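Student: Here is a sequence together with a model predicted from it:
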Amino acid sequence: MTLDPIILFFLLGVAAGLAGSDLRMPSAIYDFLTIYLLLAIGLKGGAELAKYPLLPLLPKVAAVVLLGLVLPAIAYPVLRRAGKLKRADAASIAAHYGSVSMGTYAVALAYLGTQGVEYESYTTLFLALLEMPAIIVGVILARGITAQTHWGRLAREVFTGKAIVCLLGGLFIGWIAGEDSLSSVNGFFVDLFRGMLALFLLEMGLLCAAQMSPLRRYGPFLIAFGILMPLFGAALGTGLGLVLGLSPGGTALLAVLAGSASYIAVPAAMRISVPEANPALSLAASLGVTFPFNVTLGIPLYLQMARWIHGQM
Amino acid sequence: MQSHSLKLVTIITEAVIEKELIQELTGLGVSGYTITDARGKGHRGVRTTGWEHGANIRVEVVCDETLARAIADRLKERYYQNYAMILFVSDVEVLRPEKFKGERGDEG
């Protein structure tokens, strides 16, 4: 197995971070890379979406949203009982794992590209839709349904956050413009994608390394959870992909979405809505364990799972 | 030069609650504030700017003593327990006190 250079960039970031290097991406560049990737992924998905009638997609969308509600509900009791975590912490971590990671999804797209695997680009729509449900479940798990939670403010925070605005915005632009007229911007959004992703992963490596040292304090449970929960989620996603009639590539992407954990939208939403939850715990799991696991071992494994369930091997 | 004594309230806290904090301050009658990105170390560890979840901000408000006390009490009650936050109040001299009148006028 040859390692994709973009993964090597990630490993470089992790190594530099662990070694205490002063390497840092200026925050404006990190923001730029995030926005670029979100838009690039959105555009591609939108152009693809334009080829399908939207109505038949609705049941798939509903099923995927349901997945986003189920995942945190399964994770929560595990975190409470096996992890003996406090209610707020368990709820917050559950929300992270029910939601999705754009970075992981971007790496998965690049991986499928390298492997020459076809996929339905409209799974990007699922990426946008899976952000919110887990946050709602997480807040309810932590709080119950009370008037104290400012749902309106929370929804505004998530829906006006850059993740949703850029993803849905990109999807919309791609959908309106269509594949042919997008060729005018493809030089930027398609050809440069891997280079930008490599830079992004370098910074992600640094961020992940910073989250790895708290892991020693929180012990083996978080590490085990950070690996087993994605595997379980991905298995669920693989099954759902088969049921929904996605291609092996699309199934693998749905598995990646179900197996990934958020590190942008959910941490911010949880910090505001469930402030008593310790953010160090959920970030240590999501960035210190799950993101590195997914981009290095998880994604190839999920593709194998998708191929196997489709009877390709 | 005639100067007037007022209070400078400095709040250093997590960038993630900026919007909420500003709403809180505005609700208390604060009419102006300055926000800067901040870095440093406290009992919650090293905090950097850059990545938004580790980032800090410094919010500065110039106001009269009553409002300064109201801000301190409210933030202590609502935020101290769960958020990385410090707040301190210092004496400052300003030349144009009318610029720093709270929005609730004299009652504030």
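Tutor: Received it, and whenever you're ready, just let me know what you need.

Student: give me the number of residues near the nearest residue to A:V185 once chain neighbours are set aside?
Tutor: What sits nearest to A:V185 in space, not counting adjacent residues and going by C-beta to C-beta, 6 or more residues apart in numbering or on different chains, is A:L43, at 7.4 Å. Heads up, the C-betas are built off the backbone N, CA and C, glycines and all. Other residues within reach of A:L43, judged by other C-beta atoms under 10 Å in any protein chain shown, total 26.

Student: just checking, A:V64 touches A:G241?
Tutor: No: judged on C-beta atoms under 8 Å, A:V64 makes no contact with A:G241 at a distance of 9.7 Å.

Student: Please identify the buried residues of stretch A:131-144?
Tutor: Buried residues in stretch A:131-144, counted by 16 or more other C-beta atoms under 10 Å in any protein chain shown: A:131-143.

Student: one step back: between A:V64 and A:G241, which has more neighbouring residues?
Tutor: A:G241 (30 against 24).

Student: pretty sure the more buried one is touching A:G259, no?
Tutor: No: the criterion here is C-beta under 8 Å, and A:G241 misses it with A:G259 at 11.8 Å.

Student: Now for the two: what residues contact both?
Tutor: Here A:G241 and A:G259 have no joint contacts, going by C-beta atoms under 8 Å, 6 or more residues apart in numbering or on different chains.

Student: Only alpha carbons, please: show the helix or strand encompassing A:A258 as CSV.
Tutor: In the assignment (DSSP states H and E), A:A258 maps to helix A:248-259. C-alpha atoms of helix A:248-259 as CSV (Å, rounded to 0.1, in the frame of the first residue of the first chain):
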residue,chain,number,x,y,z
PRO,A,248,-19.8,1.3,-3.5
GLY,A,249,-18.1,4.7,-3.6
GLY,A,250,-21.2,6.5,-2.3
THR,A,251,-21.6,3.9,0.4
ALA,A,252,-18.0,4.4,1.5
LEU,A,253,-18.7,8.1,1.7
LEU,A,254,-21.8,7.6,3.8
ALA,A,255,-19.7,5.3,6.0
VAL,A,256,-17.1,8.0,6.4
LEU,A,257,-19.8,10.6,7.3
ALA,A,258,-21.3,8.2,9.9
GLY,A,259,-17.8,7.3,11.2
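
Student: returning to what we had before: now for the host helix or strand of the residue nearest to A:V185, which elements pack on it?
Tutor: Assigned by DSSP H and E, A:L43 falls within helix A:27-49. Counting contacts by 3 or more C-beta pairs under 8 Å, 6 or more residues apart in numbering or on different chains; DSSP states H and E, helix A:27-49 packs against helix A:102-115, helix A:123-129, helix A:162-189, helix A:193-218.

Student: ranking those helices by burial, who's on top?
Tutor: Counting by mean count of other C-beta atoms under 10 Å in any protein chain shown, helix A:123-129 has the highest mean neighbour count of the helices and strands packed on helix A:27-49, with a mean of 25.

Student: How far does that helix sit from its chain's centre?
Tutor: Its chain's C-alpha centre and that of helix A:123-129 lie 10 Å apart, by C-alpha atoms, centre = their mean, to the nearest Å.
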